[in-house]
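>>> coords below, sequence missing:
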């Protein structure tokens, strides 16, 4: 077999192995990403599943334990609300009226039991129009 | 100052457009005056952009809140150095900085390009066309000098999370890298448009590609350092779309640097190399699209502006146009010599490039999976780090082993008998070394043992490669032979140094990924605990008020057997203006690992909730970065060049420093 043919065979094997490993990784780590309205509408389909739910933390619902290891709040969308309890490290900028993404498992009682809260990153390129116009 | 800045921006836009047209058209018409006027317009564009940058910088320093950009990103309490960094934290400011850096590099390219003619002027035209594109975005969509809608006496200030030393240099470094990757792209495109039978463009592109590679690697490491120090979660890489966006062009850029070597040494892998130059620049635009299009609505609050889509459009045009040009020159880009052995260096380069492209594809698929999943499965689906890590681990190990055998391989043919014997001995010694490391450090995980073995192999083969080079200079004494080998193979040995850096990074990533331990605990003032072989004394909780923030810090005295106590002060800061808390971690770093402490909250009466982390071998990641950057700088350093048959230049390799008798033997 000529060297280029050997290399092509090696490349094909590597590509297949990589695709398989990627598939394995994806199948063990994938989760649906839904908005709180969608989650509330098709709640039955999501019960017991690992989800990422995005929404806004309702005003006057955020309770953070003193050691910041647990928080409870209500996520709200345009039409629906979802109670959330979240264990684990909480982001520094967690606050009411903030858009967040909660990762966790939807319980049969309708509560989202989260273990990760992602707030919107204090990123570059962000234009905080509301705060600016509110001055 | 605003009018001055706007005028300069418009001048830069018009001058860049004229320069691009003149430089490109002059190559067809052979009109020398047109070419000279194009070069003049390029310089004018650079000066005008400098004017805009100075105008915005000055407005930031004097806190001129009449400018919307200044009002968005500064306030009166912001320290001056972070005020200056506000120049690049916003969309319009970062575009301005990127464009200015690109014009600056274009001028440097103009005066340092090794030869005049269509490749140089054509490349300048392409560079200025990109400047024109960026300035057009600023003029029509993201004006850095835009006036505020209403007068105001105070600005919003900079996000506290961005007030970190790494953020002072991380963004400009990344933009410098994006600007630098434009030069190899421009050279490759120019060579494809105007024809370059001898591959002269590779000679000019090589130092630029290495420079861009170093700068982007530094940008990635600084970003990782910021995440490690500022985000307070004990990690440095989260496979976030933004991180991935910068990693992808770095991976293809690494492949490009190796492709250029194969072209210059053997006249092979030409189609792949020129395609990689186009792809890398295209992917820099793709990274910009990721950060500014708003397609990732999950985590990052990127603006929903049309700017990102403009960059995606540019990328599509570049890749389609570039692809068409590669097809047009397909026959001219055929390899001059075929790959004769799978143990020849060029075969290994091809294999490494393939692995890097596989990794690139996986990261690209993972990054785009979220926006594309709606089309594929009807719902938005996200995939986690396991997707990337599953692939990164085997490909990373294969790349590490590939870099380990390189020093004992040759261009064009399989290794000599001496090389084969050396490879066998090094392999056996590395196996023994790996087993010894596993026994000495208690390594149990197979990946850790393979990384330890491969690292020992990298060190041994590098030493063996250098020793064999010295031995081949048999007519010389030891010291002159060593000096001769070092001089004539400088670039090659510098490359080995980069590979050693890569091995160090592999050690750090493996250690920190597999060995991290975490302990969440509530501590009282005066309490003492023992954890991870350390005695940790909770000394006191201190609270104080500073100009722009309230500070709460917890003093810990940490002692480890064999060393004196170290004081660590993990803290939480409350920024009054932004109404936001930040976590300030405290770390004690040694070669064995980092002791990383996070203060979560005060629980009252001197009691706090705290997390302690033991992260092994973290220092090796930063050391690896320094080694790789140092090696790459030595490799990129210009040298007296000698023409090769491929038309590229080998630099001082095989130079006259080698005696004639030894040169004949080396050639044989």
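Yep, that arrived. All values derive from a computational prediction rather than experimental measurement. Residues are numbered from 1 along each chain as shown, chains lettered A, B, ... in the order given.

>>> how about residue 110, phi and psi?
This is for chain A. Here is the backbone geometry of residue A:110 (degrees, to the nearest 10): phi 90, psi 0.

>>> wait, what's in contact with it?
Taking C-beta atoms under 8 Å, 6 or more residues apart in numbering or on different chains, we find residue A:110 in contact with A:43, A:82, A:83. Every residue, glycine included, has its C-beta placed from N, CA and C.

>>> only the buried subset of those, as a PyMOL command please.
A single PyMOL command suffices to select whichever of the contacts of residue A:110 are buried according to 16 or more other C-beta atoms under 10 Å in any protein chain shown:
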select buried, chain A and resi 82+83
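
>>> can you give me the pLDDT of residue B:656?
Here, the pLDDT recorded for residue B:656 equals 35.

>>> right, I mislabeled it, should have said residue A:49
86.

>>> likewise residue B:595?
95.

>>> for it, give its distance to residue B:220.
Look at residue B:595 and residue B:220: by C-beta to C-beta, to the nearest Å, they are 25 Å apart.

>>> compare the two (neighbour count), which wins?
residue B:595 (24 against 20; other C-beta atoms under 10 Å in any protein chain shown).

>>> how about the more buried one, nearest residue that isn't a chain neighbour?
residue B:588 (4.5 Å; C-beta to C-beta, 6 or more residues apart in numbering or on different chains).

>>> now distance to residue B:28 too, for the contacts of residue A:110, in TSV please.
Shown next, in TSV, are these (distance: C-beta to C-beta, whole Å):
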residue	distance to residue B:28
A:43	66
A:82	64
A:83	69
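
>>> so which of the contacts of residue A:110 sits lowest on pLDDT?
residue A:43 (83).

>>> so which residue of the stretch 551-668 of chain B comes closest to chain A?
Residue nearest to chain A within the stretch 551-668 of chain B (C-beta to the nearest C-beta): residue B:609, separated by 3.2 Å.

>>> what strands flank the helix or strand containing that residue, and is each parallel or antiparallel?
Counting by DSSP states H and E, the element that carries residue B:609 is strand B:607-616. Strand partners for strand B:607-616, identified by DSSP bridges, are recorded as strand B:517-524 (antiparallel), strand B:593-604 (antiparallel).

>>> so residue B:77 sits in a strand?
No - under the criterion used here (DSSP: H, G, I helix; E, B strand; the rest coil), residue B:77 is coil, not part of a strand.

>>> that one contacts residue B:549, correct?
No - the pair residue B:77 and residue B:549 does not pass the contact test of C-beta atoms under 8 Å, sitting 9.1 Å apart.

>>> ok, the contacts of residue A:110 vs chain B, which is closest?
Using C-beta to the nearest C-beta, these come closest to chain B at residue A:43, 14.8 Å.

>>> can you give me the distance of the closest one to residue A:108?
The value you get for residue A:43 to residue A:108, if C-beta to C-beta is used, is 9 Å.

>>> can you check residue B:12 too?
62 Å.

>>> mind checking which of the two has more residues around it?
Neighbours per residue (other C-beta under 10 Å) separate residue B:12 from residue A:108, with residue B:12 holding more: 29 against 9.

>>> ok, back up a step: now for the strands paired with strand B:607-616, which one comes closest to residue B:616?
strand B:593-604 (3.8 Å; C-beta to C-beta).

>>> how far away from the center of its chain is that closest one?
31 Å (C-alpha atoms, centre = their mean, to the nearest Å).

>>> likewise for stretch B:606-620?
Relative to where its chain is centred, stretch B:606-620 has its mean C-alpha point 28 Å off (C-alpha atoms, centre = their mean).

>>> state the mean pLDDT of it.
Mean predicted confidence for stretch B:606-620 is 92.

>>> buried stuff in it?
B:607-620.

>>> next: stretch B:501-515.
Per 16+ other C-beta under 10 Å, stretch B:501-515 contains these buried residues: B:501-513, B:515.

>>> sitting in strands, which of those residues do you find?
If you go by DSSP state E, the buried residues of stretch B:501-515 have nothing in strands.

>>> among those residues, which are within reach of chain A?
When C-beta under 8 Å from any C-beta of the partner chain is taken as the criterion, no member of those contacts chain A.

>>> in helices only, show me those residues.
B:501-513, B:515 (DSSP state H).

>>> rebuild those residues as CSV, extending it with distance to residue B:535 and pLDDT.
Shown next, in CSV, are those (distance: C-beta to C-beta, whole Å; pLDDT from 0 to 100):
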residue, distance to residue B:535, pLDDT
B:501, 35, 96
B:502, 37, 95
B:503, 34, 95
B:504, 30, 95
B:505, 32, 95
B:506, 32, 95
B:507, 28, 94
B:508, 26, 95
B:509, 29, 94
B:510, 28, 93
B:511, 23, 93
B:512, 23, 92
B:513, 27, 91
B:515, 21, 90
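
>>> out of the residues you listed, flag the one nearest to residue A:51.
residue B:513 (26.4 Å).

>>> measure the residue nearest to the closest one when sequence neighbours are not counted to residue B:248 for me?
What sits nearest to residue B:513 in space, not counting adjacent residues and going by C-beta to C-beta, 6+ apart, is residue B:389, at 8.0 Å. To residue B:248, residue B:389 is 17 Å away according to C-beta to C-beta.

>>> which of the two has more neighbours?
Neighbour count, other C-beta under 10 Å: between residue B:389 and residue B:248, residue B:248 has more, with 23 against 15.

>>> residue 102: what's it in contact with?
This is for chain A. Here residue A:102 is in contact with A:52, A:53, A:54, A:55, A:75, A:84, A:86, A:112, A:114, A:116, A:117, A:118 (C-beta under 8 Å, 6+ apart).

>>> meant chain B actually
B:127, B:130, B:131, B:134, B:179, B:182.
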